[in-house]
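Visitor: here's a sequence, model it:
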Amino acid sequence: MTALLSTRGLTIRFGGHTAVDNVSADFHAGQLTVIVGPNGAGKTTYFNLMSGQLPATSGTVLLRGEDITRRGPAARTRKGIGRAFQLTNLFPHLTVHENVRLAVQARANAGMKLWSIWSSHRDLIERADHYLQRVALAGRRGTLVAALSHGDKRKLEVAIMLALEPEVMMFDEPTAGMSVDEVPVVLDLIQQVKAERTKAILLVEHKMDVVRALADRIIVLHNGALVADGEPAAVMSSAIVQEAYLGSASHD
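Guide: All right, here's what the predicted structure looks like:
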């Protein structure tokens with residue numbers, strides 16, 4: 001079965017430093033993969049290569065078997081890769097609802113010309129409300145994004161990604177910076193998406209309780225290289241993980 005997302009020999013070098021080193025992996029629909037590793041292991045850089053924020057030095061990125069290595073992040077989003085928690089993608093001077101509405105509009109291929117006539121597109125407005133309800137932000141519908149807490153901004157990013165209806169959903173430390181009360185909302189939402197079994201979900205995460213609660217599979221990066229890949233119990237008990245990750249990176 002063709003994977004939704006694959007990397008083949010994916011590598012990036014910054015000067016003399018190899019940040020991601022010849023990483024090959026497949027990600028399938030219905031599977032949640034958590035990427036772990038010590039600080040500086042290349043986890044977020046690997047994410048950036050897959051979502052298009054960084055150009056690969058060598059290797060390929062495939063989406064449903066199509067080579068998208070040379071496509072930028074916007075093109076990859078249109079093709080079905082969703083990346084959460086890039087706070088710069090929010091529009092701070094628009095409302096919470098307007099931010100999600102734009103994503104719904106983009107997914108519907110409606111075009112910016114509809115911006116001035118939203119009242120005649122009730123279905124799109126209702127879809128935006130639906131996604132806000134899913135992330136528990138319906139009560140902040142009219143709030144300017146600039147006034148949101150850090151945790152609410154992260155929840156808004158999830159709503160925007162859901163509204164784009166991607167086949168691949170990528171979360172980079174989804175609970176970082178959230179209050180204790182806010183964490184369950186996002187984790188429950190990821191669990192709901194996982195239960196649908198229609199999307200490939202990728203997480204970069206260092207909190208072991210989150211990893212254990214969500215992972216179907218764990219990939220371990222160390223010094224940019226993939227050093228372990230498999231079922232959570234087997235990976236977490238392996239000697240290389242104990243040495244390279246758990247023993248030295250509790251603060252990553």
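
Visitor: so where do the strands sit in this protein?
Guide: For the chain, strands defined by DSSP state E occupy the ranges 5-14, 17-27, 32-36, 58-63, 66-67, 81-84, 168-172, 200-204, 217-222, 225-230.

Visitor: in space, not sequence, find me the middle residue of the protein.
Guide: Among the residues of the chain, the one closest to the centroid is Met170, at 1.8 Å (CA atoms, centre = their mean).

Visitor: which of the strands of the chain has the lowest mean pLDDT?
Guide: Mean pLDDT is lowest for strand 81-84 among the strands of the chain, at a mean of 86.

Visitor: direction included, what does that strand pair against?
Guide: With DSSP bridges as the test, strand 81-84 is paired with strand 168-172 (parallel).

Visitor: now the strand it pairs with against strand 200-204, angle please.
Guide: Inter-element angle recorded for strand 168-172 and strand 200-204: 10 degrees (by axes from the mean of the first three to the mean of the last three CA atoms, to 10 degrees).

Visitor: before we move on, the earlier item: ok, now which ones touch the residue nearest to the centre of the chain?
Guide: Listed by CB atoms under 8 Å, 6 or more residues apart in numbering, the contact set of Met170 reads Phe47, Met50, Ser51, Ile81, Gly82, Arg83, Ala84, Ile201, Leu202, Leu203. (Glycine included, C-beta is placed from N, CA and C.)

Visitor: check Ser179 too.
Guide: Ser149, Gly151.

Visitor: hmm, 7 Å instead?
Guide: Residues in contact with Ser179 (CB atoms under 7 Å, 6 or more residues apart in numbering) are Gly151.

Visitor: next one: it, what pLDDT does it get?
Guide: On the pLDDT scale, Ser179 gets 82.

Visitor: how much space between it and Tyr131?
Guide: Distance from Ser179 to Tyr131, counting by CB to CB, to the nearest Å: 22 Å.

Visitor: kindly report the same for Arg154.
Guide: 14 Å.

Visitor: quick one, domains of this structure?
Guide: 1-80+167-252, 89-165 (automatic domain parsing).

Visitor: go through those domains and find the least confident stretch.
Guide: domain 89-165 (a mean of 85).

Visitor: centre of the chain versus that one, how much separation?
Guide: 18 Å (CA atoms, centre = their mean, to the nearest Å).

Visitor: ok so, going back, return the member of the contacts of Met170 nearest to Asn223.
Guide: Distance to Asn223, by CB to CB, is smallest for Phe47 among the contacts of Met170, at 16.8 Å.

Visitor: can I assume the closest one is in contact with Asp172?
Guide: Yes. Taking contacts as CB atoms under 7 Å, Phe47 lies within contact range of Asp172: 5.6 Å.

Visitor: quick check: neighbours shared by the two?
Guide: Taking CB under 7 Å, 6+ apart as the criterion, Phe47 and Asp172 both touch Val204.

Visitor: export stretch 181-200 to CSV, keeping only CA atoms.
Guide: Listed next in CSV are the C-alpha coordinates belonging to stretch 181-200 (Å, rounded to 0.1, in the frame of the first residue of the first chain):
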residue,chain,number,x,y,z
ASP,A,181,-6.3,23.0,31.9
GLU,A,182,-5.7,23.5,28.2
VAL,A,183,-3.6,20.4,27.5
PRO,A,184,-6.5,17.9,27.6
VAL,A,185,-8.5,19.8,24.9
VAL,A,186,-5.7,19.4,22.3
LEU,A,187,-4.8,15.8,23.3
ASP,A,188,-8.5,14.8,23.1
LEU,A,189,-8.8,16.4,19.7
ILE,A,190,-5.8,14.5,18.4
GLN,A,191,-7.3,11.3,19.8
GLN,A,192,-10.5,12.0,18.0
VAL,A,193,-8.7,12.6,14.7
LYS,A,194,-6.7,9.4,15.3
ALA,A,195,-9.8,7.4,15.9
GLU,A,196,-11.2,8.4,12.5
ARG,A,197,-8.3,6.3,11.0
THR,A,198,-8.2,8.4,7.8
LYS,A,199,-5.2,10.6,8.3
ALA,A,200,-1.5,10.1,8.9
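
Visitor: brilliant, that's me finished.
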